[in-house]
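Asker: for reference, the sequence and a predicted model appear below.
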Amino acid sequence: MPFIQYENIKIQRRGLIQINQINEIIAEYEAAGYSLTLRQIYYQLVSREVIENSEKSYNNIGRLVSNGRLTGLIDWNAIEDRHREHRALPHWETPAEIVQGAAHQYRRDLWEGQDRYCEVWVEKDALIGIVEQAAGRLDCSCFSCKGYASNSSLWAAANRFTEKAEQGRECIIFYLGDHDPSGTDIDRMIIERMGTFGATVTVNRIALTMSQIKKYKLPPYPAKEKDKRFEKYKAKHGTRSWELDALKPEILDALITNAIEMNLDQKLYDQAIEKQEQERKRILDLLPVIEDIP
């Protein structure tokens, strides 16, 4: 189905072929319930050997996607830009509608009574949508580090973990980051800062690992020599690095889901869900009263 054409831009045959391939990738992601970033499209094209892995290729794909959208060949809704989001207050048409919404949004802490408290942290904000979807299904909170997280955000996190530890719970962070000089150092920094702020936290790196890179045959790119951690990284891993974006969303989803489930008492969790559903029904019982309001 064609989309709206805003501009008449001539696209070469090779570009049109790549647009078809991009639309196939978009369709695959949408069928699995995921939205895409431009970088994820790029890495899917690299992994399928459609393009080479280079900054030039990335810039070319960026221009091609932009032109494809303007000419009505790529759906504008298919690619997200998490850095530029419109925000507005919610509205309702009737009082009954807000009660229905409240029942749907009502949530208990499904980890109540658990021996452990877990969070999922991801280095890159562009992937927080996938992380949030996977973690949210199990009522596990998540956090985008956006590279090296600020001291303010780390201090706030340490306070959360300290509060949970005082309840007798073991605190765990599942971390996902690039396999490059900075990405492989961020989990060390998290542990160090948590200690500085008085929190006891275990940090488990669930991606990227070298075994995952080999298993999924992820495309490499040159590690940044200007990164001050380059020499230390080079001594251990060489001059190649890999980006988290290259992993397919379903793989990221599975890694997160498995990590959380292994640290969850399923029986307690199921009991919390049942209690939550009972309390949602109590909210919906208010509907007849609300609907009678003139």
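Answerer: Ah, there it is.
Asker: residue contacts, the closest residue to Gln18 other than its chain neighbours?
Answerer: The spatial neighbour of Gln18 that comes closest, neighbours along the chain excluded (Cβ to Cβ, 6 or more residues apart in numbering), is Leu64 at 6.1 Å. The way it works is simple: take the backbone N, C-alpha and C, and place the C-beta from them, glycine included. Under the criterion of Cβ atoms under 8 Å, 6 or more residues apart in numbering, the neighbours of Leu64 are 11, 15, 18-19, 22.
Asker: does Leu64 belong to a helix, a strand or coil?
Answerer: Assigned with DSSP: H, G, I helix; E, B strand; the rest coil, Leu64 falls in the helix class.
Asker: among the contacts of Leu64, which one is most surrounded by other residues?
Answerer: Looking at those with neighbours defined as other Cβ atoms under 10 Å, the largest count falls to Ile22 at 24 neighbours.
Asker: that one sits in which helix or strand?
Answerer: Counting by DSSP states H and E, the element that carries Ile22 is helix 13-31.
Asker: restricting to C-alpha, output the helix or strand just after that helix in CSV.
Answerer: If you walk from helix 13-31 toward the C-terminus, the next helix or strand you reach (DSSP H and E) is helix 38-47. The C-alpha coordinates for helix 38-47 follow below in CSV (Å, rounded to 0.1, in the frame of the first residue of the first chain):
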residue,chain,number,x,y,z
LEU,A,38,17.3,3.8,11.8
ARG,A,39,20.4,2.1,13.4
GLN,A,40,18.6,-1.2,13.7
ILE,A,41,17.6,-1.0,10.0
TYR,A,42,21.2,-0.3,9.2
TYR,A,43,22.5,-3.3,11.1
GLN,A,44,19.9,-5.7,9.7
LEU,A,45,21.1,-4.6,6.2
VAL,A,46,24.7,-5.2,7.2
SER,A,47,24.0,-8.6,8.7
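Asker: going forward, count from 717.
Answerer: Sure, I'll start counting at 717 from here, so that last one is helix 754-763.
Asker: next, the buried residues of helix 754-763.
Answerer: 754-763 (16 or more other Cβ atoms under 10 Å).
Asker: quick check: angle from it to helix 729-747?
Answerer: Angle between the axes of helix 754-763 and helix 729-747 is 110 degrees (criterion: axes from the mean of the first three to the mean of the last three Cα atoms, to 10 degrees).
Asker: now find how far off-centre the helix or strand containing Glu947 is within its chain.
Answerer: Taking DSSP H and E as the criterion, the element that holds Glu947 is helix 946-953. Using Cα atoms, centre = their mean, to the nearest Å, we find the averaged C-alpha position of helix 946-953 to lie 27 Å away from the chain's own average C-alpha position.
Asker: for the helix or strand following that helix, packing partners?
Answerer: Towards the C-terminus, the helix or strand next in line after helix 946-953, according to DSSP H and E, is strand 956-957. When contacts are defined as 3 or more Cβ pairs under 8 Å, 6 or more residues apart in numbering; DSSP states H and E, strand 956-957 sits against strand 937-938.
Asker: ok, 10 Å please
Answerer: strand 937-938, helix 946-953 (3 or more Cβ pairs under 10 Å, 6 or more residues apart in numbering; DSSP states H and E).
Asker: pick the most deeply packed of these.
Answerer: The highest mean neighbour count among the helices and strands packed on strand 956-957, using mean count of other Cβ atoms under 10 Å, belongs to strand 937-938: a mean of 16.
Asker: no further queries at this time; thank you.
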